[in-house]
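Trainee: Sequence first, predicted coordinates after that:
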Amino acid sequence: MNNPASIFVLGLDSAVCCIVIGVTSLAWSTRLKLALAFGLWDACASVMSVAFGPMLPASATVVVWLCCAALLGLAARRYRLWINVVPAVLSLDNLGAGVVLNDVIADGVSSATLALCGLSVGAILFRLLSGAWPCAQETDMSQWSAPCRRTQICPAPW
């Protein structure tokens, strides 16, 4: 697997999952960190595949893997702790890909780019559904005087 189309396919699960995760009020700073995490995990899994050979059998059914990515995205929307786990889980397909060393960086960049595109599409869908854009950065709730007080800079969708 050493052509540009295969590198695109390896990052496609990141894009699908990030579209689902992106339809939340997740801040843009967190979206960028998440996209970088997808790229780093996919690149690390590709390095392991180069160093030790393909460790998992290559998946013959891409549709099943993409459905799993969408379900993981739904879980990450519900429980924010899952957001930290999703990039690692979705990098497992790279262990069976058998990429060459020259494609490791391209694989990581492709995955991060597709993840950021997915998060951006999710943000647009969030805007269409809620009428508000996600915040630029996460708000620090420790400085709020009341638990239910919200700022007008980033209103909640409800």
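Mentor: Arrived safely. Residues are numbered from 1 along each chain as shown.
Trainee: following the lowest-mean-pLDDT helix or strand in the chain, which helix or strand comes up?
Mentor: Least confident helix or strand of the chain, by mean pLDDT, DSSP states H and E, is helix 62-78 with a mean of 72. Next in sequence after helix 62-78, counting helices and strands by DSSP states H and E, comes helix 86-90.
Trainee: what's in contact with that next one?
Mentor: Residues outside helix 86-90 that contact it (CB atoms under 8 Å, 6 or more residues apart in numbering): 13-14, 17, 21, 34, 37-38, 40-42, 69, 72-73, 75-76. Where you see a C-beta, it was placed from the backbone N, CA and C, and this is true even at glycine.
Trainee: Which parts of this structure are strands?
Mentor: Taking DSSP state E, the chain contains no strands at all.
Trainee: Output the below-cut-off pLDDT ranges for it.
Mentor: Low-confidence segments of the chain, defined by pLDDT under 70: 1-6, 54-64, 97-99, 138-158.
Trainee: quick one: the helices in it?
Mentor: Using DSSP state H, the helices found in the chain span residues 4-22, 28-52, 62-78, 86-90, 92-95, 104-130.
Trainee: Now render the ones you listed as JSON lines, adding mean neighbour count and distance to Q137.
Mentor: Below are the helices of the chain laid out as JSON lines (neighbours: other CB atoms under 10 Å; distance: least, CB to CB, whole Å):
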{"stretch": "helix 4-22", "mean neighbour count": "22", "distance to Q137": "16"}
{"stretch": "helix 28-52", "mean neighbour count": "20", "distance to Q137": "5"}
{"stretch": "helix 62-78", "mean neighbour count": "16", "distance to Q137": "19"}
{"stretch": "helix 86-90", "mean neighbour count": "22", "distance to Q137": "20"}
{"stretch": "helix 92-95", "mean neighbour count": "22", "distance to Q137": "30"}
{"stretch": "helix 104-130", "mean neighbour count": "20", "distance to Q137": "14"}
